[in-house]
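>>> quick one: sequence plus predicted model below, questions after.
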Amino acid sequence: MTLTIILSFSADSAFAHPHHGNVLINNHDHEPSIEIIPINSMIGLEKSTIFFHVPPGNTLPWGFVEGKVTNHVEVYPVIIQIFKNNDAVHFAQTDIGEDGVYEYKFRILNSDKNHITKIFEGDYSVKIFKVVYLNQENII
């Protein structure tokens with residue numbers, strides 16, 4: 001049996017999952033929290049927190065954090081931080097494409113000579129940081 005996890009939010013979207021699909025955790029989808037911290041009058045840091053669950057029986061080797069940002073500032077990458085029980089376990093950054101799409105792929109399971117190592121298992125919080133325009137109508 002394969003368990004699939006995907007979490008999404010708002011017009012701008014973000015996902016954290018071993019692969020495509022949607023599974024509720026504790027009978028709800030854990031709506032993400034979004035906070036925007038102004039940097040100056042034009043741009044701000046958008047911090048999104050979503051949840052990521054890897055079931056004990058997972059057999060898939062990869063996890064993904066991906067999404068789309070409609071108002072991103074082009075010179076800034078997406079910063080991804082993954083925490084388990086408030087302890088940092090993984091950090092990464094990835095570029096945003098011209099279409100506003102970003103993706104970061106990471107190992108959640110490793111297999112070497114029939115020895116399986118679970119890199120990720122259980123519940124995680126994923127913090128995604130993006131530099132965005134505060135007022136989209138000001139974008140030239």
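Done, it's in. Numbers count the residues shown, from 1 in each chain.
>>> and the residue sitting furthest away from the middle of the chain, what pLDDT?
Checked against the mean C-alpha position of the chain, the extreme residue using Cα atoms, centre = their mean is residue 113, at a distance of 30.4 Å. As predicted, residue 113 sits at a pLDDT of 85.
>>> next one: it from residue 102, what distance?
Residue 113 sits 34 Å away from residue 102, taking Cβ to Cβ, to the nearest Å as the criterion. C-beta here means a position set from N, CA and C on the backbone, and glycine is covered the same way.
>>> how about residue 38?
The value you get for residue 38 to residue 102, if Cβ to Cβ is used, is 22 Å.
>>> and residue 59, by the same measure?
Counting by Cβ to Cβ, the gap from residue 59 to residue 102 is 26 Å.
>>> who's more crowded, the two?
Here residue 59 and residue 102 are compared on neighbour count by other Cβ atoms under 10 Å; more neighbours surround residue 102, at 22 against 12.
>>> doesn't residue 80 make contact with the more buried one?
No. Under the criterion of Cβ atoms under 8 Å, residue 102 makes no contact with residue 80, lying 9.1 Å away.
>>> quick one: common contacting residues for those two?
residue 94 (Cβ atoms under 8 Å, 6 or more residues apart in numbering).
>>> if you skip the residues just before and after it, what's nearest to residue 91?
On the basis of Cβ to Cβ, 6 or more residues apart in numbering, the spatially nearest residue to residue 91 that is not a chain neighbour turns out to be residue 81, at 5.4 Å.
>>> which SS state does that neighbour fall under?
strand (DSSP: H, G, I helix; E, B strand; the rest coil).
>>> I'd assumed residue 127 was in contact with it.
Yes. With contact defined as Cβ under 8 Å, residue 81 counts as touching residue 127 (4.4 Å).
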